[in-house]
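K.L.:
give the three-dimensional model of this entry:
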Amino acid sequence: MMKYLMSTIGKKQMVGVAGIGLSLFVLVHMAGNLLIFLGPEAFNKYAYALTSNPLIYVAEAGLITIFLIHLVVAMGLVIYNKAAKTQKYAVAATKTKASFASKTLHYQGIIILAFLIWHLISFKYGPHYEVTYDGVQMRDIFTLVVEYFGNPLNVAAYIFVLLLLGMHLSHGLASSFQTVGFSGEKSDPIIQKIGKAYAFIVTAGFVSQPIYVYFVH
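P.N.:
Okay, the predicted model is just below:
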């Protein structure tokens, strides 16, 4: 088992499986955040339900592990391919057909990582406001979001990275499914379309939130 995981194919499949897991997470996260359209109470209660659940720590640890596997193993493969001259030339021969998204996946990943750190600093560890609903005191995330996206620079930066995430998902999700074995002449075009549709839904859902907050609140 360890020999397989350390092989190039094993590492690629690890990256693929982790990528699929992360793709599902961003969809769920996006869908939950859409509650902001229902107002502060619905949004704050949703955030409170998540953060007050003891299992949140298990979920966060699992998510961090999956993310690190996806990032570290993927970067390791990039370094390995650049170091191996024969592999480097073989890849170069096929790069003429590669899209811009596929050729810049690792750069996209680095930018997304920086964005995640910024995102955590801004929201999870950002200013703490409180509100009470039905006698329960909880963090007022809605006010923090409105305050944050009241700055047009934050809105612009957020949308830029989310568009980058969309490009990453568009190619990365399809590539992940193909890496784990869902590949063939008939299935590849379908997988590509699903990847693009998935990326569009996730990106549109995320981007709609800062735009809504900035212009409505």
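
K.L.:
helices along the protein, start to end?
P.N.:
Per DSSP state H, the chain carries helices over the ranges 2-6, 8-33, 40-51, 56-83, 85-94, 100-103, 105-119, 141-148, 152-179, 187-216.

K.L.:
avg pLDDT for the shortest one?
P.N.:
Translated: helix 100-103. The pLDDT scores in helix 100-103 average 73.

K.L.:
same question for the first one.
P.N.:
The average of the pLDDT scores along helix 2-6 is 71.

K.L.:
any idea which residue of the chain is furthest from its center?
P.N.:
The outermost residue of the chain, judged against the average C-alpha position, is Gly135 (35.0 Å), by CA atoms, centre = their mean.

K.L.:
show me where pLDDT drops low in this protein?
P.N.:
Along the chain, the model assigns pLDDT under 70 to residues 4-5, 84-98, 101.

K.L.:
is the closest residue to Thr132 other than its chain neighbours bridged to anything, and to what?
P.N.:
Spatially, and ignoring its direct neighbours in sequence, Thr132 is nearest to Met138 (7.5 Å; CB to CB, 6 or more residues apart in numbering). C-beta here means a position set from N, CA and C on the backbone, and glycine is covered the same way. When assigned by DSSP bridges, Met138 has beta-bridge partners Val131.

K.L.:
quick one, what contacts Met138?
P.N.:
44-45, 47-48, 52, 130-132 (CB atoms under 8 Å, 6 or more residues apart in numbering).

K.L.:
could you measure from the one residue sitting closest to the centre of the chain over to Val78?
P.N.:
A centroid search over the chain (CA atoms, centre = their mean) returns Val26, at 5.1 Å, as the residue closest to the centre. Applying CB to CB, to the nearest Å, the value for Val26 to Val78 is 22 Å.
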